[in-house]
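> need a 3D model of the following:
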Amino acid sequence: MGSNNPPSTTTTSGAPPPSSSPPDSLPDATSPLLVLTHPTPRERTLTARHTYPTWGFALAEADYLARETYLTTVPLARDGGITHWILTLAGAAPDARPILSSCESLRKRAVYVDGGSKGEVVEGVAHGIGSVFTEPAFRGRGYASRMMRDVGAVLRGWQAAAAATNSEKGVVEKGHSLFSVLYSDIGKTFYARHGWAAFESAHVSFKPVEGPVGGGEGQVARAIGYHELAELCAVDEKLLRADLARRGGGKTHVAILPELDALLWHLMREDYMTKCIFGKTPTVRGAVAGEPGKRVWAVWMRGYYGGLKKLEGNVLHVLRVVVEDPEQPDEELVAGFRSIVQIAQHEAAEWKTQDIQVWNPTPKIRGLVEKCGIESEFVNRDKDSIASLRWYGEEPTAELDWVANEKYAWC
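Here you go, the predicted model:
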């Protein structure tokens, strides 16, 4: 799924075909003649061809189109987990109708704790929205606004019954989704007008380092691969639920669960990209330090937006950082955290990424960053990847506490 930004009008030799309907014959964005519906497979391919000039720069067009199909088959997306949406003309023939605007939604497990409750964690469904797109011929007419208005309303009840499918023993919210999220690359205003309030969007940045990990010094942390993720995700989810149950202050606290499928969506996407770009896939997916019960770990993925043609568009994104015992003193954790960052720096350099980002670090992680002795920069984003959330409960969205607002929740 791509970013939530209107793409530029740049074209390539593989530019998409013109729209099937002349713009001057189309109704106004407020017209009842417009409908939100699902595209056919051919229409999905057409939309991907239109988005390629902006979002597919790191890949050949054929590889980009194949990736979009592949990403419907990975664990989080398959079996109806992903839904494709288009705004078009009601009654028009499929495969011949204009695609006035399009997007995707990805179903995710989520939890919340009501500010007035006694720490009861309630599970439900959330939806991540991505790939919001309007082709150049249809821009400036309000179609994206109309689509977001309609999608926001529909997602409130979309697939809400799925909340109980994989739920643990406990309370399950039925009847409506908990919330939806998106990540705006056009600032904080547009999506806020349509109900998605902007939340904290900052990151700590580290730079890649060539050469041996940690300059050849002994390492406290060890690299982790796919086979360790299931256990770590299970521990992480248990810790997050306990953290939410302890929170109070009269606020409602919400979170997308950092379950294995949520991480695999990113890592399998990464596998596809690295296989196309380098002809191989990474083995190191993060690092962990410490003994069980006292561990700190990070899981990451490499994102390629420039490929090998424009390296500055490539980022090693830390999907999630976990401190297993938050009461453990920083002094006992800092060596392990430093070692984890050094492994990430080495991996970032080896895989041609130009930045390492840790999104919205907690005060605990900020303390470790400051004490680890590795040069870093704290960045407040005001335009790109603005984390935005629309709550389907009664409280004003802006008053919520979004817990674990980290890269793993992105789509």
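
> CA atoms for contacts and neighbours, from now on please.
OK.

> Glu308: neighbour count?
Quick fix: residue 308 reads Leu, not Glu. 18 (other CA atoms under 10 Å).

> wait, a strand at it?
No. Secondary structure assignment (DSSP: H, G, I helix; E, B strand; the rest coil) places Leu308 in coil, not in a strand.

> can you pull the contacts of it?
58, 277, 352 (CA atoms under 8 Å, 6 or more residues apart in numbering).

> dump the residue contacts of the first one.
Just to be clear, that refers to Ala58. Neighbours of Ala58 in contact, by CA under 8 Å, 6+ apart: 277, 304-309.

> cutoff 6 Å now
305-307 (CA atoms under 6 Å, 6 or more residues apart in numbering).

> could you do Phe206 as well?
With CA under 6 Å, 6+ apart, Phe206 has these contacts: 356, 376.

> swap the cut-off to 10 Å and go again
By CA atoms under 10 Å, 6 or more residues apart in numbering, the contact set of Phe206 is 316, 341-342, 344-345, 348, 354-358, 369, 374-378.

> circling back: okay if I get the contacts of Ala58 as CSV plus distance to Gly116 and neighbour count?
What follows is those, written out as CSV (distance: CA to CA, whole Å; neighbours: other CA atoms under 10 Å):
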residue, distance to Gly116, neighbour count
Tyr305, 43, 21
Gly306, 47, 18
Gly307, 48, 22
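
> of those residues, closest to Arg241?
Each of the contacts of Ala58 was checked against Arg241 using CA to CA; the closest is Tyr305, at 33.9 Å.

> residues near the nearest residue to that closest one once chain neighbours are set aside, how many?
Once flanking residues are discounted, Tyr305 sits nearest to Gly313: 4.9 Å by CA to CA, 6 or more residues apart in numbering. Counted with other CA under 10 Å, the neighbours of Gly313 add up to 18.

> and Gly313, backbone torsions?
Main-chain torsions, Gly313, degrees, to the nearest 10: phi -90, psi 0.

> which residues touch it?
57-58, 303-307, 352-355.

> can you check the pLDDT for it?
Gly313 is assigned a predicted lDDT (pLDDT) of 89.

> look up the closest residue to Arg246, ignoring the ones flanking it.
In space, Arg246 is closest to Gly119, 6.1 Å off (CA to CA, 6+ apart).

> that neighbour - that's part of a helix, no?
No. Under three-state DSSP, Gly119 sits outside any helix and is assigned coil.

> against Leu182, how distant is it?
Gly119 sits 27 Å away from Leu182 when distances are taken as CA to CA, to the nearest Å.

> the more surrounded of these two?
For Gly119 versus Leu182, neighbours defined as other CA under 10 Å are more numerous around Leu182 (27 against 18).
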